[in-house]
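Asker: this is a predicted model, with the sequence first.
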Amino acid sequence: MDRPEDSAAENTEFERLLDELVSGDRRLHELPAELPASEAARIRRIALERKLGVSLARTGEYTLDAGRAASRHCENFIGAAQIPIGITGPLSVRGRYVAPDEELYVPLATTEGALIASTNRGCRAIREAGGAVVRVEDVGMTRAPVFRSRGIEDTQRFLHWVDENQDRIREITESTSNHLELLEIRSQVFGSSIYLRFRFRTGDAMGMNMATVACDRVIRDLIEPETGLPCLALSGNFCVDKKPSAINFLEGRGKRVWAEVELSGDILEGSLRTSARDLVEVQYRKNLLGSIAAGSMGYNAHFANILAAFFIATGQDVAQVVEGSMGVTTIEARGEDGVIAAVYMPDLPLGAVGGGTALDTQAEALAMIGVSPGAGPRAGEKGAAAMRLAEIVGATVLAGELSLLAAFTSSDLARAHQELGRGPVQE
């Protein structure tokens, strides 16, 4: 039982820390390390409320593990931003890591009214067609440090050394993780700048941190000491991370995904309220010609919408939606009144472990779709959980594309947003 004098001392210490934060004598990250993460968050919230004249009561209402969040995911932790999670499905996927008879209920976290209802309509059409065929290639995660040479001859000696020492480079990089496999090192030179694009296979992890640690180790322990050339930045933007890029579009990054479904005229009319002719034309004029007119690198309707909602729900790095949204949607006539619709996603970084996947609600979302090491039809295969995750993403993105494009042909888009995004608030 706490003694009164203990409580008084704690209150005095609490107020002292608050006063120091508010006055600026102590910075937000300088609270005592021994404070529990939830208590440190509470002190920061109250200090900000006093300093800014706002209420952070709702920010302080959360169910996640504060200790984990504060130590691994978020500095100066004060609480959580809540985003509604809805379910789309059941979704039928004919993949190698998802069994055809599985019914998938896919969690999406979004604030955009109509997005989940729309994707649900696409799921229904795919289900009625017997499922989406999905295939995934593990292209590998990249990291590209930049070095500075003294000129062309110096550069050539450096690149020759890299080529001659591939085995030593591989030994050091792969020693940093049991899950890491070096696939290649590709070079690019501009003037005295040398870029080495390392590409790794990373198992079930998205692998950006693994690749970064491996590159840092081999640069410090081997490349710089033996070549004498300095590494100026661990990432020289030739990776390319969290930016649209031609190299990732052409060569891929993370996972490369293909998903397709063949839809009959009956399904187009009954589930999507469209026709083959209308769907093919809107795809051609919107996704192809419209994207060309804009100089876009995404020849699709809204990959980013589905990816952002899926990434938030399952604990992925949301900023990588930027590169993931590159890709192509195609719709071709098939038979008398049907179509074959497909999406191609060349640059999809995601993981089944690591990062935000261990946070409480994100872990529940992954469990909902059966994504965990040791689960699924190929449970014993290295990286199978991440491949399953990519198959589900591909099929969900295809569902979203189908429904939105069909909505353009039937003038349903504005009406759906009016009804679902601006409708009366339910009590």
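Answerer: Cool, got the structure.
Asker: the stretch 101-250 of the chain: helices as residue ranges?
Answerer: 115-128, 152-164, 166-174, 208-218, 224-227, 246-251 (DSSP state H, counting those that start in this stretch).
Asker: and the shortest one, what does it pack onto?
Answerer: Counting contacts by 3 or more C-beta pairs under 8 Å, 6 or more residues apart in numbering; DSSP states H and E, helix 224-227 packs against helix 152-164. For glycine as for every other residue, the C-beta is placed from the backbone atoms N, C-alpha and C.
Asker: and the helix it packs on, what does it pack onto?
Answerer: By 3+ C-beta pairs under 8 Å, 6+ apart, helix 152-164 packs against strand 181-190, strand 193-201, helix 224-227.
Asker: need the winner for burial among those.
Answerer: Mean neighbour count (mean count of other C-beta atoms under 10 Å) peaks for strand 193-201 among these, with a mean of 20.
Asker: partner strands of that strand, with direction?
Answerer: In the sheet, strand 193-201 lines up against strand 132-143 (antiparallel), strand 146-148 (antiparallel), strand 181-190 (antiparallel) (DSSP bridges).
Asker: so which of those strands is nearest Thr212?
Answerer: With C-beta to C-beta as the measure, strand 132-143 is the member of the strands paired with strand 193-201 nearest Thr212 (5.6 Å).
Asker: how far off centre is that closest one?
Answerer: With C-alpha atoms, centre = their mean, to the nearest Å as the basis, strand 132-143 stands 13 Å off its chain's centre.
Asker: show me which residues of it are buried.
Answerer: 132-136, 138-143 (16 or more other C-beta atoms under 10 Å).
Asker: thinking again about what came up before, nearest to Met326, of the strands paired with strand 193-201?
Answerer: Among those, strand 132-143 sits nearest to Met326 (C-beta to C-beta), with 13.2 Å.
Asker: and that closest one with helix 208-218, angle?
Answerer: Interaxial angle of strand 132-143 relative to helix 208-218 (axes from the mean of the first three to the mean of the last three C-alpha atoms, to 10 degrees): 30 degrees.
Asker: and strand 132-143 with helix 115-128, angle?
Answerer: Counting by the same axes, to 10 degrees, strand 132-143 lies at 120 degrees to helix 115-128.
Asker: output strand 132-143 in PDB, but only the C-alpha positions, please.
Answerer: What follows is strand 132-143, C-alpha atoms only, in PDB (Å, rounded to 0.1, in the frame of the first residue of the first chain):
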ATOM      1  CA  ALA A 132      -9.000 -13.700 -59.000                       C
ATOM      2  CA  VAL A 133      -5.900 -15.500 -60.300                       C
ATOM      3  CA  VAL A 134      -2.900 -13.900 -58.600                       C
ATOM      4  CA  ARG A 135       0.900 -14.500 -59.000                       C
ATOM      5  CA  VAL A 136       3.700 -12.900 -57.000                       C
ATOM      6  CA  GLU A 137       7.400 -12.600 -57.700                       C
ATOM      7  CA  ASP A 138       9.800 -11.800 -54.800                       C
ATOM      8  CA  VAL A 139      11.900  -9.200 -56.600                       C
ATOM      9  CA  GLY A 140      13.900  -8.200 -53.400                       C
ATOM     10  CA  MET A 141      14.400  -5.100 -51.300                       C
ATOM     11  CA  THR A 142      17.000  -2.600 -52.400                       C
ATOM     12  CA  ARG A 143      19.300  -0.100 -50.800                       C
END
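Asker: between it and helix 166-174, how big is the angle?
Answerer: Using the same axes, to 10 degrees: strand 132-143 against helix 166-174 is 100 degrees.
Asker: what is the neighbour count of the closest residue in space to Val218 that isn't next to it in sequence?
Answerer: Spatial nearest neighbour of Val218, excluding adjacent residues (C-beta to C-beta, 6 or more residues apart in numbering): Ile172 at 4.4 Å. When counting by other C-beta atoms under 10 Å, one arrives at 19 neighbours for Ile172.
Asker: what of Ala37?
Answerer: If you count neighbours by other C-beta under 10 Å, Ala37 ends up with 17.
Asker: just the strands in the stretch 1-150 of the chain please.
Answerer: Along the stretch 1-150 of the chain, counting by DSSP state E, counting those that start in this stretch, strands occupy 85-91, 93-94, 104-109, 132-143, 146-148.
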